[in-house]
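Visitor: With the sequence up front, the predicted model follows.
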Amino acid sequence: MTLANDLNKNTLEVNFLFEIHIQEQSFYYTDCPFDLVYDEQRYSSLNIIKKFDNVKESAKLDSKGVKLVLVGLDETIRNLFVSTDALNSQIKIITAFRQGNKVTSIYNYFNGYVKTAKFTSAKKSDLTITTSTQLNLDFKASSRTNHSEQTSRYPNDNFYKYSTMTDMEVSWKNQNT
């Protein structure tokens with residue numbers, strides 16, 4: 001199936017599937033009024049997704065993510081955000097086309113990482129998450145082409161072992177002149 005075919009069908013309903021992966025635990029939610037199962041994974045309809053930003057397509061490269069507002073979080077996920085470093089945890093948002101309670105096709109809507117997470121209620125049951133995309137344009141590589149730098153990252157690689165040594169001077173000047 002293609003997205004164009006799915007959009008032309010009047011019998012399909014559209015919902016979003018949310019995946020939050022924090023350390024070794026994963027949480028699956030949907031904005032559907034009932035639980036959905038896709039690829040043997042149950043997405044809970046706990047109604048915790050209050051809102052999230054639209055993703056705008058653009059030909060311009062950027063690392064702008066989306067903002068999610070989660071309400072009524074259960075104790076398990078709340079404790080993970082309080083007690084562990086949930087920054088850089090993976091978040092996926094998937095567009096799901098369904099017929100009744102059967103998901104017929106999915107399309108990736110957003111795939112990124114937790115950039116900030118802030119509780120917005122006294123009971124710490126409401127959470128605002130800002131994300132960044134997989135494309136990290138703010139990252140500055142600090143790599144040098146020398147033996148010690150290379151072996152610190154790849155212990156068995158000796159590619160740059162003799163990079164500072166030369167047997168003779170190399171001249172780029174034409175020798176016939």
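Guide: Everything's here; your move.
Visitor: Show me where the protein has its strands.
Guide: Ranges of strands in the chain, per DSSP state E, are 13-22, 25-30, 36-38, 41-43, 49-52, 64-70, 90-99, 102-119, 127-133.
Visitor: Now that we have those, can you turn them into TSV and tack on mean pLDDT, mean neighbour count and distance to Asn146?
Guide: The C-beta positions use only the backbone N, C-alpha and C, and glycine is treated the same way. As requested, the strands of the chain are exported to TSV (pLDDT from 0 to 100; neighbours: other CB atoms under 10 Å; distance: least, CB to CB, whole Å):
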stretch	mean pLDDT	mean neighbour count	distance to Asn146
strand 13-22	91	18	36
strand 25-30	91	18	41
strand 36-38	92	17	49
strand 41-43	93	15	46
strand 49-52	74	16	45
strand 64-70	83	19	35
strand 90-99	91	18	34
strand 102-119	88	16	31
strand 127-133	83	20	31
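Visitor: so Gly65 touches Ile129, yeah?
Guide: No: counting by CB atoms under 8 Å, Gly65 does not reach Ile129; the two are 9.1 Å apart.
Visitor: closest to Leu80 out of the strands of the chain?
Guide: strand 13-22 (4.9 Å; CB to CB).
Visitor: angle of that closest one against strand 64-70?
Guide: 90 degrees (axes from the mean of the first three to the mean of the last three CA atoms, to 10 degrees).
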